[in-house]
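Chemist: model this:
(chains A and B)
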Amino acid sequence: MRLALSRVPVPVQMPLEGVACLQCTPAVYCVRLAQALVDDYCSLVPGSVQTLQHIFSASPRFCCQFITAITMLYDLSSDDLIPSPDLLEMVVSWIFEDPRLILITFLNTPIATSLPIGFLELTPLCGLICWCVKAPLAYKRRKPPPPSGALSGKVAGDSLGSCDRDCQLLYSRLHLSVLQVLMLLQGHLTEKNLYGRLGLVTGEQMASLVEDVRLLSDRLNPLHASKEIELALDRLAQVLQVAMASGVLLWTRENLRTVCSGLPHNNLLQLVISGPVQPPAHAALPPGFYPPIHTPPLGYPAHAAHPALPAHPVQAFMPGVAFPYRPIR
Amino acid sequence: MSAQGDCEFLVKRARELVQGDLWAAKAWLITARSLYPADFNIQYEMYSIERNAERTASAGRLLYDMFVNFPDQPVVWREISVITSALRNDSQDKQTQFLKGLFETLPGRVQCEMLLKATDQCFNTLERAEMLLLLLRRFPETVVQHGVGLGETLLEAENIEDQESPVNCFRKLFVCDVLPLIINNPDVRLPASLLYKYLNKAAEFYINYVTRSSPTENQYPGTQDTSDLVSPNKRSAQKYIIEGLTEKSSQITDPWERIFKILSIVGVRCEWQMDVARRSFGDILLKMKDVCRYISNYDNEAHAKYKTQVVYSTMLVFFKNAFQYVSSIQPSLFQGSNASNQVPLVLIEDVSNVYGDTDIERSKHVHKKRKLAEGREKTMSSDDEDPSGKGKNRLITINATDLPNSVEVQESFRLARESWELLHSLESLDKEFTRICVSWKTDTWLWLRIFLTDMIIYQGQYKKAIASLHHLAALQGSHSAQQIMGQGSLENQRFLIQLATCHFALGEYHLTCEKILDLMCYMTLPIQEGAKIQDDQPTLKSKFRKVSELKLWPCTSKTVMPYCLRLLLACFKLRAFTDNRDDMALGHVIVLLQHEWPRGENLFLKAINKICQQANFQYENFFNYITNIDMLEEFAYLRTQEGGKIHLELLPNQGMLIKTSSPPLGLLQQEFIPVLQPSIQTADRHHTITRGITKGVKEDFRLAMERQVSRCGENLMMVLHRFCMNEKILLLQTLS
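Modeler: I've put the predicted structure just below:
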């Protein structure tokens, strides 16, 4: 089955807007649709990923759902479920260009106390977090492809190595975007008075991620994969800290300690589990709360990013101020 | 682990990652900040990454955070001072542009606060002022609080730092940058006395700025004849820089416009009688004359107000037009004048009627003699008369090719003169104007002295003009002490030619002649005879015009020399055509009449007539300096039967050999023979001595005539220059 995704953007828009309400469709179908799109545009005809790129400009909402579905599909649990470099690059470039993309569905959906089971999640956040944390380990675990044709294994291994390095940089970029989105969310949740009340990333999801990391690092030889393990744990620690601080993950340090107890040692993770040494100097701010002005300097509207500040240049004019100068003589 | 240790660890990890994986480094810092939001180093590290990558928006936001959250961190202040100094910098390099852009991303309130705090940290007055100016320009409401204070600081700094010239960095900032902000801000109200003080400072600055002299090297391109000026003028490439300021900041466009603008604003603020904005100088002057008429009717306060109005308005019109005049006639005097390849001009008495009717001259001379008898010389001078009444409508002729905008220049000259007169018309005005001039040390302004001298010459006060010229020469001496002769010669020529013209007008012919002969030393030869002097035949010779005319005459060898020859002729003419016999003077006149031949033909015929009447004529320089074929023919004819058999003693040593002819003159000549005849070879003289007395003379005359005819092609200017140089003593003797 080949989906009618035309090269021409205009006709594309219609079917895409139609499927934009994937939210109302059971997750299984959504994943299948995503699978079909990826098969058609990434695997079947290599290089035709450009066509898929159009989705971003045609329908960001669909794009968001598509990413959610992709992360569900490619959960890095086996070599086959590692996204292809083309697909990865496309997703990363979308998000890097505008991290708000991740939140589109969430921001346009009425807040419900509980999500219906069996449907797509509101954001691809959790999936993306898993990608970033597990990627170093999953790529390390992957068996080298069987030497094919005239190419010697060494050369193939080398090209694979450079390709992996590129992918790792993409994950690094994606990870930064995720952290930035988490901080964006802090502002949003505070504004909506939902801070500490809505766990957009659930404890269960994170616990499951921690378990996967533990299994993956156990399976890998720690002597050969110490760098990968450290990177995975660094990212895990970072995302847990920022998610907790921004109120996206409703965990205490105690929860953290319990869940992460089985993991190999990592300095940053240790630091995050034990929390900051002293209470913050800014007594006026609640612990862990960072003022919304510190949200990342990406292309957001000023009012969203800096709600406390007037857009500059606003200068207070003081016509009533008396002239203070008196001549000396 | 301590908090400090944690933070150091986090920052260290981030720093290690910057090179290899910038994204990871940022992720580390975000985490670190979320753990320790109050730690400065983490945020500074974040800022450093964005700044080093020159990402303006994100760096700006992080700087803002630091400015708000860590206002006491020295590092933040160092950064702010780097940014604010970039704001004062004209440079276009990438780093400066980035820092400027970074500052622009900050909210106005923060910019204002930053500038104020940065100002507090400046200890250097100039930097402080520039910083505060950034603030005042961006935030007009701060002018009320800081404007006048800054102005006073700058004026004080100028005194403390003992600035020699009013064109210094402090005054520039005050006049060009701070003052407009103060006086244009309606919320700043200042007492009139302060406004006048500021107006004074501004006027002094702008006038000195406009009239700043050009650098001494390459100062006098006009000394050579313009035809020699093939090399492009290098001066335009040199930029003027006020010490302490950047090149860009040192360039001031339309300085006159600016000072009249300030005058206008001050006038409006002080409630003067008329707004000078958009009025012509002529209009302003007329209005000031009007105000003057009623000025004594006002009470004290209004009187002081209008007096100030008249003095400042008229004074600026005066300086502007005097400058206009001087910069037109001698552009090379000023820096930044673009007409520097224009010929410098000099104001002199017109003597183009020197070839005119001798009868009129004679009757005039008779008149003069009578006056002399009364013990008072009749001259053109009006030194003893009221200067304002005299010389009102003298005509100044200017050749259009010498000065394309001659009408404007004449108008400037007139306006400057009339402004000057108005400023001296009332005692109170005079006093105030003089006070200002003294404080500005205007008596050291060379250009102004040039104008004043010309004005005095125009007024016909030649004795005063001579004094003024000596004053001018003294100023030039101090201005160009280090200059070698060649470069200063334009000034010397101007000085000597004007002295000569003044002495001539006073009837002091000996002194006139002396100055002209001095001037001859400066002539660059050869001068082509063919170079036609365009002037002349004064357009209208009104009988009613009592005073003589003036000329603005190009000050180059090519033009100065012909003028000198005419002036010389004018000096000798009077003596040559008296009833008393003076062969020497007559001879000199004939030599000089060769110049511009045949314009002096009538005079020459007059001279021939006189010789015929005398029946003999002695002039032993004849063959040295007379090469005009018409004249030679005429003299050859005089000796013939038909010509009247006139006895001519024209050969050098005739007088020595024939003792009979006119003993006093002969003796005189004998005395001078070695000096007078350097061109005559001794062999020649020896040859004549060995000849028979009368027969030999006749033969010698014929030979001399023949030889002379072959000299007809010689460059006449060279001959006449030689005449002036070699016969200097004789010429002066003749006039004594």
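
Chemist: tell me the SS of residue B:597?
Modeler: Here residue B:597 is recorded as coil under DSSP: H, G, I helix; E, B strand; the rest coil.

Chemist: how about the helices in the stretch 201-329 of chain A?
Modeler: A:203-219, A:226-245, A:253-260, A:267-274, A:302-305 (DSSP state H, counting those that start in this stretch).

Chemist: wait, what's in contact with residue B:177?
Modeler: residue B:133 (CB atoms under 8 Å, 6 or more residues apart in numbering or on different chains). (Glycine included, C-beta is placed from N, CA and C.)

Chemist: returning to what we had before: quickly compare the helices of the stretch 201-329 of chain A and say which is most buried.
Modeler: helix A:226-245 (a mean of 23; mean count of other CB atoms under 10 Å in any protein chain shown).

Chemist: how big is the angle separating it from helix A:253-260?
Modeler: Per axes from the mean of the first three to the mean of the last three CA atoms, to 10 degrees, the angle that helix A:226-245 makes with helix A:253-260 is 150 degrees.

Chemist: from the stretch 301-450 of chain B, which residue is nearest to chain A?
Modeler: For the stretch 301-450 of chain B and chain A, the shortest gap (CB to the nearest CB) falls at residue B:304, measuring 16.0 Å.

Chemist: restricting to C-alpha, output stretch B:197-212 in PDB.
Modeler: The C-alpha coordinates for stretch B:197-212 follow below in PDB (Å, rounded to 0.1, in the frame of the first residue of the first chain):
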ATOM      1  CA  LYS B 197      27.500  81.500  28.000                       C
ATOM      2  CA  TYR B 198      26.800  78.400  26.000                       C
ATOM      3  CA  LEU B 199      26.200  80.300  22.900                       C
ATOM      4  CA  ASN B 200      29.500  82.000  23.300                       C
ATOM      5  CA  LYS B 201      31.300  78.700  23.800                       C
ATOM      6  CA  ALA B 202      29.600  77.200  20.800                       C
ATOM      7  CA  ALA B 203      30.400  80.200  18.600                       C
ATOM      8  CA  GLU B 204      34.000  80.200  19.600                       C
ATOM      9  CA  PHE B 205      34.300  76.500  18.900                       C
ATOM     10  CA  TYR B 206      32.700  76.500  15.500                       C
ATOM     11  CA  ILE B 207      34.500  79.600  14.300                       C
ATOM     12  CA  ASN B 208      37.800  78.100  15.300                       C
ATOM     13  CA  TYR B 209      36.900  74.800  13.900                       C
ATOM     14  CA  VAL B 210      36.000  76.200  10.500                       C
ATOM     15  CA  THR B 211      39.000  78.500  10.300                       C
ATOM     16  CA  ARG B 212      41.500  76.000  11.500                       C
END
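
Chemist: and that stretch, which residues are buried?
Modeler: B:198-212 (16 or more other CB atoms under 10 Å in any protein chain shown).

Chemist: closest one to chain A out of the residues you listed, please.
Modeler: residue B:198 (11.5 Å).

Chemist: what about the nearest residue to residue A:199 once chain neighbours are set aside, neighbour count?
Modeler: Nearest residue to residue A:199, sequence neighbours excluded (CB to CB, 6 or more residues apart in numbering or on different chains): residue A:250, at 4.1 Å. Using other CB atoms under 10 Å in any protein chain shown, residue A:250 is surrounded by 16 other residues.

Chemist: just residue A:73 next, same as before
Modeler: The burial count for residue A:73: 16, using other CB under 10 Å.

Chemist: correct me if wrong: it contacts residue A:33.
Modeler: No - applying CB atoms under 8 Å as the test, residue A:73 and residue A:33 come out as separate, 10.2 Å apart.

Chemist: worst-scoring helix or strand of chain B, pLDDT-wise?
Modeler: One helix or strand of chain B scores below all others by mean pLDDT, DSSP states H and E: helix B:663-676, with a mean of 40.

Chemist: ignore the last one, chain A
Modeler: Per mean pLDDT, DSSP H and E, helix A:302-305 ranks last in chain A, at a mean of 35.

Chemist: how near is residue A:134 to chain B?
Modeler: 16 Å (CB to the nearest CB, to the nearest Å).

Chemist: nearest residue to that residue in space, please, no chain neighbours.
Modeler: According to CB to CB, 6+ apart, the nearest residue to residue A:134 is residue A:76 (4.8 Å).

Chemist: ranges for the helices of the stretch 1-150 of chain A?
Modeler: Using DSSP H, counting those that start in this stretch, helices in the stretch 1-150 of chain A cover A:9-19, A:27-38, A:49-58, A:60-73, A:85-97, A:104-107, A:125-141.

Chemist: go through those and name the closest to residue B:310.
Modeler: helix A:85-97 (70.8 Å; CB to CB).

Chemist: check which residues of that closest one are buried.
Modeler: Quick answer for helix A:85-97 (16+ other CB under 10 Å): A:86, A:87, A:88, A:89, A:90, A:91, A:92, A:94, A:95, A:96.

Chemist: tell me which residues in the helix or strand hosting residue B:17 are buried?
Modeler: Per DSSP states H and E: residue B:17 is located in helix B:3-20. Using 16+ other CB under 10 Å as the test for burial, helix B:3-20 gives B:3, B:6, B:7, B:10, B:11, B:13, B:14, B:17, B:18.
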